[in-house]
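# return a 3D structure for these sequence lines:
(one chain, ligands or ions: 1)
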Amino acid sequence: MSTSPTTLAAHDRDSLEQWMHARGEPRSHAGRVLRAFYGGCGELDWDALELSAGLRETLRHEFAARATHELRRVAAADGTTKLLLGLARGGAVETVMMPSYRAGEAWCCVSSQVGCAMGCDFCASTRGGLERNLEVDEIVEQYLRVGALAAAQGRRVRRLVFMGMGEPLHNLDAVLPAIERIAGPGLGNLGWRRITVSTVGIVQGIAKLAAAAHPVFLALSLHAPDDATRSRIVPAGKRYGVAEILTAARDYQATTDRIVTIEYCLLAGVNDSDAQAELLAERLADFRAHVNVIPYNATGPGLSGITYVRPSPARVERFLAILRGRGVVAHARDTRGDDVAAACGQLREGSRAS
Ligand code: SAH
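Now for the predicted structure:
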C-alpha cells in the first residue's frame, strides 16, 4: 500500500538521474543530492546544495516525506539504544544502535519485516505473526537514523546486521536494494563486507544471496544440531533439515569466500548438552564456520507455552570448550541492551516489553 510519496531513501543513483532527466535537469545533480542526503544521515540542508532555486524548491517539496518517524527511544546502561520507528505506510519496527568497544565505532541492527512469520519459540519478534515486508526506504532509513544517533556520540556505524525483526531472506526484493544503498559508494558508503544477513535457514534464499552482485556475510540461526530438537524450537526447521541448510551454508562460503557464522541460542536443558555440542562439532567438521553462542535472553513464555531459561555461565563455557576441543571456532556473544529489551530476540513491534 504505497500511497505515501516517494522518499529520497527509495531512490538509487540511476532512478534519481532519470528523475532529473525527466525534468530537463542535468543527471549529475542526482549524485550530489544523494551524497548530501547520506552524508547528513538523512537530514538534508537543501539551502547548502548548489542547485538552481527552482530545482531546490521542487526537490524540497517532492522529497519532504520520510518513510519512518521516531516514536520512542530507550537507552540501556551500556549505551545500546533502541529506536521504535513508526512507518508512514503502517506499523512500527525496532532498530538498535550498539556502541562498539572500539572508540568512534558503532553497530547497527535493522529489521526486515513488521513482525515475523517464523514462529521461533524463544524469540519475541514472532509473537504477533507477520504483518508485512518492509520496503527499501524503510530499511535504509533505519541505517540513517542509527547513523545520526551514533554521530551524536562521536561514532560511525561500522557494521550492520539484519538481526532485528523479521526473516530477511523472505524479503530479498527489498533487502538487496537496501544493501546496495547502505553499502554503495556515493550513498551509504558502509561497504559490503561490513554487512551481515542473518537467516533462520531459507535454502533458496541463501542461494539467491550468494548470487547477488555483492555478497555480504551470512549468519545462520541453527540452534540445534539435530532435526528433532530444531523443529521443536524453530518451526521453519520442519521445512528444511539441518543437513540441507548446512549444505546451503557450505555452498555460500564456497561461492562467496565469506566465512559463515552459525548462531546458536543456548536454552538450558533444551539444546545445551555435551552430546549436542559434540554432534554440532561433528556436523561442522571440515567447515570453517564460526559458531556464535548466544545465551538466551528472557522473552517470557513462547507460543508453545514453554518458558525458556538461560544456562549457567559454567554450562556456556563447557559448551564452548567442547566445540573448541574439536577444532571449531566458537565465541559467546555478549548480551547488550537487555535492560531495555533491546537484546537478541527481545525486539518486538510496539516495544510492549519496555
Ligand atoms: N530471522 C533471522 C534474523 C532475526 S534473529 C534469523 O532467524 O536469523 C537474530 C538472532 O537472534 C538469531 O540468531 C536468533 O535466533 C537470535 N535470538 C532470537 N531470540 C533470542 C533470544 N530470546 N535470546 C537470544 N538470542 C535470540
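# tell me the residues of the stretch 251-354 of the chain that contact the ligand?
Within the stretch 251-354 of the chain, the residues that sit near the ligand (Cβ under 6 Å from any ligand atom) are 263, 265, 294, 296-297, 299, 344-345. Quick note: C-beta positions are derived from backbone N, CA and C, even for glycine.
# ok, of the residues you listed, which come out buried?
263, 265, 294, 296-297, 299, 344-345 (16 or more other Cβ atoms under 10 Å).
# nearest to the ligand, of the residues of the stretch 251-354 of the chain next to the ligand?
Nearest to the ligand out of these is Gly345 (Cβ to the nearest ligand atom; 2.0 Å).
# which element is the closest one on?
Per DSSP states H and E: Gly345 is located in neither a helix nor a strand.
# list the contacts for it?
Gly345 is in contact with 122-125, 265, 296-297, 299, counting by Cβ atoms under 8 Å, 6 or more residues apart in numbering.
# make it 6 Å
123, 297, 299 (Cβ atoms under 6 Å, 6 or more residues apart in numbering).
# got a list of contacts for the worst-scoring helix or strand of the chain on mean pLDDT?
Here the helix or strand of the chain ranked lowest by mean pLDDT, DSSP states H and E is helix 53-62, holding a mean of 92. Residues outside helix 53-62 that contact it (Cβ under 6 Å, 6+ apart) are 25, 46.
# any buried residues in it, and which?
55, 59.
# who does the following helix or strand past it pair up with?
Downstream of helix 53-62, the next assigned helix or strand under DSSP H and E is strand 68-75. Note on strand 68-75: by DSSP bridges, its sheet partners are strand 81-87 (antiparallel).
# and the strand it pairs with, average pLDDT?
For strand 81-87, mean pLDDT rounds to 96.
# tell me which helix or strand comes right after it.
Assignment by DSSP H and E places the next element after strand 81-87 at strand 92-99.
# would you map the strands across this protein?
For the chain, strands defined by DSSP state E occupy the ranges 68-75, 81-87, 92-99, 105-109, 113-115, 130-133, 156-162, 195-199, 217-221, 261-266, 290-295, 329-332.
# okay if I get these as TSV plus distance to Glu180?
Formatted as TSV, those follow (distance: least, Cβ to Cβ, whole Å):
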stretch	distance to Glu180
strand 68-75	19
strand 81-87	21
strand 92-99	19
strand 105-109	16
strand 113-115	19
strand 130-133	17
strand 156-162	13
strand 195-199	10
strand 217-221	16
strand 261-266	22
strand 290-295	26
strand 329-332	30
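# buried deepest among those strands, which one?
Mean neighbour count, computed with mean count of other Cβ atoms under 10 Å, is highest for strand 92-99 among the strands of the chain, reaching a mean of 26.
# who does that strand touch, helix- and strand-wise?
strand 81-87, strand 105-109, helix 136-152 (3 or more Cβ pairs under 6 Å, 6 or more residues apart in numbering; DSSP states H and E).
# show me which residues of the stretch 51-200 of the chain sit near the ligand.
Counting by Cβ under 6 Å from any ligand atom, the stretch 51-200 of the chain sits next to the ligand at 118, 122-123, 163, 167, 198-200.
# identify the farthest-apart pair in the residues of the stretch 251-354 of the chain next to the ligand.
Within those, Glu263 and Thr299 form the most distant pair, 15.7 Å apart (Cβ to Cβ).
# excluding its backbone neighbours, what's nearest the residue nearest the centre of the chain?
In the chain, the centroid-proximal residue (Cα atoms, centre = their mean) is Phe162; its distance is 1.2 Å. Take Phe162 and drop its neighbours on the chain: the residue closest to it by Cβ to Cβ, 6 or more residues apart in numbering is Pro168, 4.2 Å away.
# go on, Gly128?
Gly115 (5.2 Å).
# now do the contacts for that neighbour.
Contacts of Gly115 by Cβ under 6 Å, 6+ apart are 128-131, 349.
# now, which of these sits nearest the ligand?
Leu130 (11.1 Å).
# separation between the closest residue to the closest one other than its chain neighbours and Thr247?
Leaving aside its chain neighbours, Leu130 sits nearest to Ala117 (3.8 Å; criterion: Cβ to Cβ, 6+ apart). Separation of Ala117 from Thr247 (Cβ to Cβ, to the nearest Å): 24 Å.
# and if you look at Thr58?
Distance from Thr58 to Thr247, by Cβ to Cβ: 52 Å.
# likewise Arg155?
Distance from Arg155 to Thr247, by Cβ to Cβ: 39 Å.
# neighbour-wise, which of those two wins?
The residue with more neighbours, out of Arg155 and Thr247, is Arg155; 21 against 14, by other Cβ atoms under 10 Å.
# report pLDDT for the closest residue in space to that one that isn't next to it in sequence.
Nearest non-adjacent residue to Arg155, counting by Cβ to Cβ, 6+ apart: Ala106, 4.1 Å away. What the model reports as pLDDT for Ala106 is 97.
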